[in-house]
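Novice: my questions are about this predicted structure, shown below with the sequence.
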Amino acid sequence: NLHKASRFLAMTNSGTDEEATQIPTTQSRRVLFSRTAAAGAAAMSTISAVGPASAIGPVNMEIMDYTYEAAECPKNFGGRVGGSFTATAGKAVLQQCVKISCTLTNPTKKPLVDVAVFGFVSEERTGASAIANNPDFRSDAGQFATIDSVPPGTNKVDFVFVASLNKDDSKLSSAEGLPKLVFRSLKAISYPGGARFQELSACELDSLSDECDDVSDEDRDALKEKKMRY
């Protein structure tokens, strides 16, 4: 009988321990709830703090109220995306730098640098594309210009791109200005980390140019492959 009583007490204590581990007390439930609520509040606070200024991902801006005019090409424009002011242009093509003044709204609290510009540009009379890297209007995904910096808020900004124009169009010359241009789907996008593309050297743009005289044949082939990727 004593042995049976001891066995019964052991089973009773064991069952009590299992129930204690499986069924939380009122106090433990309160602690668990308070910790969960605190963690949730901290997470919501972090999410709320992430506004446009620290948002992860591209920042899209509409290009508005734009005007354009002929401009002198900067000396460093040999490697800009969308076209380059070089001697490699065809005889029927006039390369002319164009300055665009426009309004942009930066929704963040910090300046956006190396902002990429996309869209279509064409000559009104001929309908031909004025962007060298998008001659057939297949896509507006090709970047054709870069805006150095866009301050927070709504601001007037300028940027320059190289237009490839019909040389016979109204006997155009850089001194006479520009033919009428048509702009469509213009947009500016700031990508995390800055510029979408890096500036190319004159040798990278044209692997047969005089700039490549000191480049070995092996390096020249590598430059040709790199050029095809842009």
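Specialist: That came through, no problem. If you're wondering where the values come from, they're calculated on a predicted model, not measured in any experiment. Numbering: from 1, shown residues only.
Novice: give me the number of residues near the residue lying closest to residue 126 once chain neighbours are set aside?
Specialist: Nearest non-adjacent residue to residue 126, counting by CB to CB, 6 or more residues apart in numbering: residue 166, 5.6 Å away. C-betas here are computed from N, CA, C, even on glycine. Using other CB atoms under 10 Å as the criterion, residue 166 is surrounded by 16 other residues.
Novice: and residue 163, by the same measure?
Specialist: Residue 163, neighbours per other CB under 10 Å, totals 26.
Novice: now do residue 159
Specialist: Around residue 159 there are 21 other residues, counting by other CB under 10 Å.
Novice: ok, residue 133 touching residue 142?
Specialist: Yes: between residue 133 and residue 142 there is a contact at 5.0 Å, judged by CB atoms under 8 Å.
Novice: give me the phi and psi for residue 148.
Specialist: Backbone geometry at residue 148, expressed as degrees, to the nearest 10, gives phi -60, psi -50.
Novice: quick one: contacts for it?
Specialist: Counting by CB atoms under 8 Å, 6 or more residues apart in numbering, residue 148 makes contact with 113, 114, 159.
Novice: and the second one, what element?
Specialist: Right, residue 114. Residue 114 is part of strand 112-123 when elements are defined by DSSP states H and E.
Novice: which one of the contacts of residue 148 is nearest to residue 137?
Specialist: residue 159 (20.9 Å; CB to CB).
Novice: spatially, what comes nearest to that closest one if we skip its sequence neighbours?
Specialist: residue 147 (4.6 Å).
Novice: per-residue confidence at the one you found?
Specialist: The predicted structure scores residue 147 at 94 on the pLDDT scale.
Novice: what of residue 190?
Specialist: For residue 190, the predicted pLDDT is 95.
Novice: could you do residue 151 as well?
Specialist: For residue 151, the pLDDT comes out at 97.
Novice: try the one 5 residues further on
Specialist: According to the model's per-residue confidence, residue 156 sits at a pLDDT of 97.
Novice: my read: it touches residue 101, true?
Specialist: Yes: applying CB under 8 Å as the test, residue 156 and residue 101 come out as touching, 6.4 Å apart.
Novice: which one's more surrounded, the two?
Specialist: Comparing residue 156 with residue 101 by other CB under 10 Å, the one with more neighbours is residue 101, at 13 against 9.
Novice: and that one, what are its bridge partners?
Specialist: On the basis of DSSP bridges, residue 101 is bridged to residue 67, residue 158.
Novice: count the residues that sit near residue 100.
Specialist: Neighbours around residue 100, by other CB under 10 Å: 22.
Novice: am I right that it is in contact with residue 161?
Specialist: Yes: between residue 100 and residue 161 a contact is recorded at 7.3 Å, counting by CB under 8 Å.
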